[in-house]
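> Generate a structure from the sequence data that follows.
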Amino acid sequence: MVLPELHEFHFVITQRMKVRLEGLHVFKGLHSLSGIIARILLLLVPVIKHEHDHGKQRYSRYRYVSPDRRESRVHAHAYLPEDLYRKLKLIHQDLNFFSMAQIVRFFIELFFLLVNKYKGDVLQELKRIFEEWKEKARATRLTLRQYIRQLKIIIQYLPVGKRIINVYDHHFTPFWRFRL
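Next comes the predicted model:
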């Protein structure tokens with residue numbers, strides 16, 4: 001059996017966030033902080049993709065780990081699958097986050113908000129939301145003709161010189177590179 005490649009991701013969280021993570025009873029059988037963080041991020045992959053597609057530019061603004069300077073901070077290690085780590089790296093680059101730790105804390109806080117709102121039904125509610133998103137994506141999917149037309153418009157406005165278009169696969173790795 002081949003185990004998936006894991007990337008060790010080290011970042012800082014508040015002591016309060018650590019206690020809240022360890023106190024989550026949504027995931028049965030998970031006791032390690034790393035496992036809980038990885039499970040949250042894996043569960044929120046559709047949200048991560050949605051944020052990547054529709055999120056706003058962050059202008060590389062530094063955000064404090066906690067606005068309260070007296071609150072203690074702790075180091076956390078999360079062992080993330082390579083695909084998930086790659087998605088986070090792309091969001092870091094494309095949305096211009098200051099750090100990847102900000103992204104991870106952002107999604108953990110989002111999950112806490114969802115847990116507070118939906119309590120024990122958070123997993124079912126997330127499934128329902130993701131199904132709605134899938135249905136909406138199917139309904140608004142572009143045809144091949146529309147993709148080609150859009151590509152022609154993009155090519156028309158690319159600057160002269162090195163004109164490169166990257167096409168990515170579903171693992172967020174370059175699939176094709178077109179040099180025009």
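> Spatially central, which residue of this protein would that be?
I48 (3.1 Å; CA atoms, centre = their mean).
> What distance do you get for it to G55?
Counting by CB to CB, to the nearest Å, the gap from I48 to G55 is 10 Å. The C-beta positions use only the backbone N, C-alpha and C, and glycine is treated the same way.
> list residues touching both of these two?
With contacts defined as CB atoms under 8 Å, 6 or more residues apart in numbering, the residues shared by I48 and G55 are I91.
> circling back: give me the secondary structure label for the residue nearest to the centre of the chain.
The assignment at I48 comes out as helix when based on DSSP: H, G, I helix; E, B strand; the rest coil.
> Quick check: it touching L90?
No - applying CB atoms under 8 Å, one finds I48 not in contact with L90, separated by 9.5 Å.
> residues touching L95, list them.
E51, H52, G55, K56, Q57, R58 are the contacts of L95 under CB under 8 Å, 6+ apart.
> And for V104?
V104 makes contacts with F9, F11, I37, L41, A78, L88, as judged by CB under 8 Å, 6+ apart.
> Identify, from those residues, the entry nearest to I148.
Nearest to I148 among the contacts of V104, counting by CB to CB, is L88 at 31.4 Å.
> From the chain's centroid, how far away is the host helix or strand of that closest one?
Taking DSSP states H and E as the criterion, L88 maps to helix 82-94. Its chain's C-alpha centre and that of helix 82-94 lie 7 Å apart, by CA atoms, centre = their mean, to the nearest Å.
> pLDDT averaged over that helix, what's the number?
Mean pLDDT, helix 82-94: 92.
> same for it, what does it pack against?
Helix 82-94 makes packing contacts with strand 6-14, helix 33-43, helix 45-54, helix 100-118 when contacts are defined by 3 or more CB pairs under 8 Å, 6 or more residues apart in numbering; DSSP states H and E.
> The spatially closest residue to Y85 that is not a sequence neighbour: how many residues sit nearby?
The spatial neighbour of Y85 that comes closest, neighbours along the chain excluded (CB to CB, 6 or more residues apart in numbering), is H7 at 4.3 Å. By the other CB atoms under 10 Å criterion, the neighbourhood of H7 contains 15 residues.
> Tell me the bridge partners for H7.
H7 has these beta-bridge partners by DSSP bridges: L80.
> L42 versus that one, what's the distance?
Going from H7 to L42 by CB to CB gives 13 Å.
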